[in-house]
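# this one's sequence-less:
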(Lines give C-alpha, C1' and ligand atoms only; values in the text may rest on other atoms or scores of the structure.)
Protein backbone atom coordinates (compact mmCIF):
# COMPACT_ATOMS: atom_id res chain seq x y z
CA UNK A 1 0.00 0.00 0.00
CA UNK A 2 1.48 3.36 -0.94
CA UNK A 3 1.99 5.98 1.76
CA UNK A 4 0.21 9.34 1.57
CA UNK A 5 3.07 11.03 3.44
CA UNK A 6 5.13 13.27 1.18
CA UNK A 7 8.71 12.10 0.96
CA UNK A 8 11.33 14.86 0.65
CA UNK A 9 13.57 14.80 -2.40
CA UNK A 10 17.13 15.86 -3.06
CA UNK A 11 17.43 19.65 -3.29
CA UNK A 12 19.88 21.43 -5.58
CA UNK A 13 20.89 24.83 -4.23
CA UNK A 14 23.74 27.31 -3.96
CA UNK A 15 26.45 26.98 -1.33
CA UNK A 16 29.82 28.53 -0.57
CA UNK A 17 32.22 25.58 -0.89
CA UNK A 18 35.76 25.52 0.48
CA UNK A 19 38.10 23.40 -1.67
CA UNK A 20 41.34 23.80 0.24
CA UNK A 21 43.07 25.44 3.20
CA UNK A 22 43.20 29.19 2.81
CA UNK A 23 41.46 29.18 -0.58
CA UNK A 24 38.58 31.50 -1.40
CA UNK A 25 35.10 30.03 -1.06
CA UNK A 26 33.42 29.14 -4.34
CA UNK A 27 29.70 29.68 -4.89
CA UNK A 28 28.32 26.65 -6.72
CA UNK A 29 25.44 24.23 -6.91
CA UNK A 30 25.34 21.37 -4.44
CA UNK A 31 22.90 18.54 -3.86
CA UNK A 32 21.37 18.33 -0.39
CA UNK A 33 19.99 14.93 0.59
CA UNK A 34 16.66 14.48 2.37
CA UNK A 35 16.89 14.34 6.16
CA UNK A 36 17.60 10.93 7.68
CA UNK A 37 15.83 9.67 10.84
CA UNK A 38 15.96 12.24 13.65
CA UNK A 39 17.17 14.94 11.25
CA UNK A 40 15.60 18.05 9.75
CA UNK A 41 16.37 19.95 6.57
CA UNK A 42 16.45 23.72 7.02
CA UNK A 43 16.10 26.57 4.58
CA UNK A 44 18.81 28.91 5.84
CA UNK A 45 17.50 32.48 6.08
CA UNK A 46 20.46 34.17 7.76
CA UNK A 47 23.93 33.03 8.75
CA UNK A 48 26.80 34.93 10.29
CA UNK A 49 30.55 34.51 10.11
CA UNK A 50 32.44 33.35 13.20
CA UNK A 51 36.18 33.45 13.75
CA UNK A 52 36.04 29.66 14.18
CA UNK A 53 35.01 29.33 10.53
CA UNK A 54 38.04 31.34 9.41
CA UNK A 55 40.41 29.38 11.66
CA UNK A 56 39.11 26.07 10.33
CA UNK A 57 39.31 27.29 6.74
CA UNK A 58 43.01 28.06 7.23
CA UNK A 59 43.68 24.65 8.78
CA UNK A 60 44.45 21.37 7.04
CA UNK A 61 40.95 20.05 7.60
CA UNK A 62 39.19 17.71 5.23
CA UNK A 63 37.96 19.30 1.99
CA UNK A 64 35.75 20.07 0.09
CA UNK A 65 33.67 21.49 2.89
CA UNK A 66 30.79 23.84 3.62
CA UNK A 67 31.48 26.03 6.63
CA UNK A 68 29.12 28.08 8.81
CA UNK A 69 27.60 27.12 12.13
CA UNK A 70 25.48 29.99 13.45
CA UNK A 71 22.26 30.42 11.53
CA UNK A 72 18.54 30.94 11.63
CA UNK A 73 16.11 29.33 9.24
CA UNK A 74 12.85 27.53 8.54
CA UNK A 75 12.29 23.78 8.65
CA UNK A 76 11.70 22.60 5.07
CA UNK A 77 11.27 18.87 5.75
CA UNK A 78 11.64 16.37 8.59
CA UNK A 79 13.08 12.88 8.78
CA UNK A 80 11.57 9.71 10.18
CA UNK A 81 10.81 9.76 13.89
CA UNK A 82 10.96 13.54 14.27
CA UNK A 83 8.24 14.78 16.62
CA UNK A 84 9.58 18.02 18.10
CA UNK A 85 9.71 19.89 14.78
CA UNK A 86 7.26 20.46 11.95
CA UNK A 87 7.65 21.92 8.50
CA UNK A 88 7.53 25.69 8.73
CA UNK A 89 9.01 25.94 12.23
CA UNK A 90 11.53 28.72 12.76
CA UNK A 91 14.78 27.43 14.22
CA UNK A 92 18.31 28.27 15.29
CA UNK A 93 21.17 25.87 14.59
CA UNK A 94 23.31 24.61 17.46
CA UNK A 95 26.88 23.45 16.79
CA UNK A 96 27.09 21.58 20.10
CA UNK A 97 23.96 19.45 20.20
CA UNK A 98 21.95 18.05 23.07
CA UNK A 99 20.63 14.50 23.10
CA UNK A 100 18.89 15.12 26.46
CA UNK A 101 19.65 11.59 27.69
CA UNK A 102 23.43 11.26 28.22
CA UNK A 103 25.16 11.90 31.55
CA UNK A 104 26.35 15.35 30.53
CA UNK A 105 22.97 16.50 29.25
CA UNK A 106 21.24 15.22 32.39
CA UNK A 107 23.72 16.87 34.75
CA UNK A 108 22.38 20.39 34.30
CA UNK A 109 25.95 21.62 34.54
CA UNK A 110 27.35 20.99 31.08
CA UNK A 111 26.29 21.11 27.44
CA UNK A 112 29.15 18.91 26.23
CA UNK A 113 26.82 16.18 25.01
CA UNK A 114 28.41 12.74 24.75
CA UNK A 115 26.28 11.91 21.69
CA UNK A 116 25.95 15.18 19.79
CA UNK A 117 29.06 17.02 20.92
CA UNK A 118 31.25 19.12 18.65
CA UNK A 119 31.69 17.23 15.36
CA UNK A 120 35.15 17.75 13.83
CA UNK A 121 35.28 15.06 11.14
CA UNK A 122 32.96 16.70 8.65
CA UNK A 123 30.15 14.14 8.87
CA UNK A 124 26.77 13.69 10.51
CA UNK A 125 26.52 12.23 14.01
CA UNK A 126 24.04 9.50 13.10
CA UNK A 127 25.78 7.59 10.32
CA UNK A 128 29.15 9.30 9.80
CA UNK A 129 28.04 10.29 6.30
CA UNK A 130 27.45 13.57 4.51
CA UNK A 131 24.23 15.15 3.25
CA UNK A 132 25.98 17.34 0.65
CA UNK A 133 27.41 16.27 -2.69
CA UNK A 134 28.56 17.70 -6.01
CA UNK A 135 28.09 15.42 -9.01
CA UNK A 136 27.93 12.42 -6.71
CA UNK A 137 31.08 13.26 -4.73
CA UNK A 138 30.71 14.05 -1.01
CA UNK A 139 31.09 17.55 0.35
CA UNK A 140 31.85 17.57 4.06
CA UNK A 141 30.11 19.39 6.90
CA UNK A 142 31.39 21.80 9.51
CA UNK A 143 30.29 21.33 13.13
CA UNK A 144 27.38 19.23 11.74
CA UNK A 145 25.67 22.47 10.66
CA UNK A 146 27.18 23.92 7.43
CA UNK A 147 25.08 27.05 7.18
CA UNK A 148 26.93 28.61 4.23
CA UNK A 149 24.33 26.89 2.06
CA UNK A 150 20.80 27.78 1.06
CA UNK A 151 19.66 24.49 2.60
CA UNK A 152 21.30 22.28 5.20
CA UNK A 153 20.53 19.15 7.22
CA UNK A 154 21.08 18.88 10.97
CA UNK A 155 20.25 16.44 13.73
CA UNK A 156 17.18 17.49 15.72
CA UNK A 157 19.40 17.89 18.77
CA UNK A 158 21.40 20.50 16.85
CA UNK A 159 18.45 22.86 16.38
CA UNK A 160 16.23 24.91 18.67
CA UNK A 161 12.71 26.05 17.83
CA UNK A 162 12.09 29.78 18.22
CA UNK A 163 9.06 32.04 17.97
CA UNK A 164 8.01 32.97 14.46
CA UNK A 165 7.82 36.58 15.69
CA UNK A 166 11.57 36.73 16.33
CA UNK A 167 13.49 38.45 13.50
CA UNK A 168 15.53 35.72 11.81
CA UNK A 169 18.02 38.24 10.45
CA UNK A 170 19.05 39.14 14.01
CA UNK A 171 18.68 36.05 16.14
CA UNK A 172 21.20 33.98 14.16
CA UNK A 173 23.84 35.48 16.49
CA UNK A 174 22.22 33.56 19.35
CA UNK A 175 23.48 30.33 17.77
CA UNK A 176 27.07 30.99 18.78
CA UNK A 177 28.38 34.51 19.26
CA UNK A 178 25.96 35.82 21.86
CA UNK A 179 25.24 32.41 23.40
CA UNK A 180 28.92 31.60 23.88
CA UNK A 181 29.71 35.00 25.35
CA UNK A 182 26.75 35.20 27.72
CA UNK A 183 26.95 31.49 28.50
CA UNK A 184 30.54 31.85 29.65
CA UNK A 185 29.55 34.74 31.92
CA UNK A 186 26.38 33.18 33.30
CA UNK A 187 27.30 29.51 33.56
CA UNK A 188 31.08 29.44 33.97
CA UNK A 189 32.05 32.73 35.59
CA UNK A 190 28.69 32.73 37.42
CA UNK A 191 28.28 36.48 37.13
CA UNK A 192 25.07 37.44 38.87
CA UNK A 193 24.74 41.08 37.79
CA UNK A 194 21.77 41.45 35.49
CA UNK A 195 22.08 42.81 31.98
CA UNK A 196 19.62 44.71 29.84
CA UNK A 197 19.06 43.00 26.51
CA UNK A 198 18.28 46.37 24.95
CA UNK A 199 22.01 46.99 25.19
CA UNK A 200 22.39 44.38 22.43
CA UNK A 201 19.19 44.61 20.41
CA UNK A 202 16.87 47.24 18.99
CA UNK A 203 13.93 44.93 19.74
CA UNK A 204 12.54 43.42 22.91
CA UNK A 205 13.88 39.84 23.14
CA UNK A 206 12.12 38.93 26.36
CA UNK A 207 9.31 36.91 24.76
CA UNK A 208 11.83 34.79 22.87
CA UNK A 209 14.82 34.02 25.07
CA UNK A 210 15.83 33.12 28.60
CA UNK A 211 16.04 36.76 29.61
CA UNK A 212 17.52 38.01 32.83
CA UNK A 213 16.50 41.60 32.20
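Arrived safely. The structure presented is a predicted model; accordingly, all values stated were derived computationally and were not measured.
# you'd agree residue 172 is in a strand?
No: assessed by DSSP: H, G, I helix; E, B strand; the rest coil, residue 172 does not belong to a strand; its assignment is helix.
# Let me see the contact set for it.
Contacts for residue 172 (C-beta atoms under 8 Å, 6 or more residues apart in numbering) come out as 45, 46, 47, 48, 70, 71, 72, 92. Bear in mind the C-beta positions are built from the backbone N, C-alpha and C, glycine included.
# Considering those residues, which is situated nearest to residue 14?
Using C-beta to C-beta, residue 47 is the member of these that lies nearest residue 14, at 12.7 Å.
# what about the closest one, how many neighbours?
Using other C-beta atoms under 10 Å, residue 47 has 24 other residues around it.
# Next, it: secondary structure please.
Assigned with three-state DSSP, residue 47 falls in the strand class.
# For residue 126, see how far away residue 80 is.
Counting by C-beta to C-beta, to the nearest Å, the gap between residue 80 and residue 126 amounts to 11 Å.
# Now list whatever residues contact both of these two.
Here residue 80 and residue 126 share the contacting residues 36, 37, 38, scored by C-beta under 8 Å, 6+ apart.
# Of the residues you listed, keep whichever come out buried.
Among the shared contacts of residue 80 and residue 126, those that count as buried by neighbour count (16 or more other C-beta atoms under 10 Å) are 36, 38.
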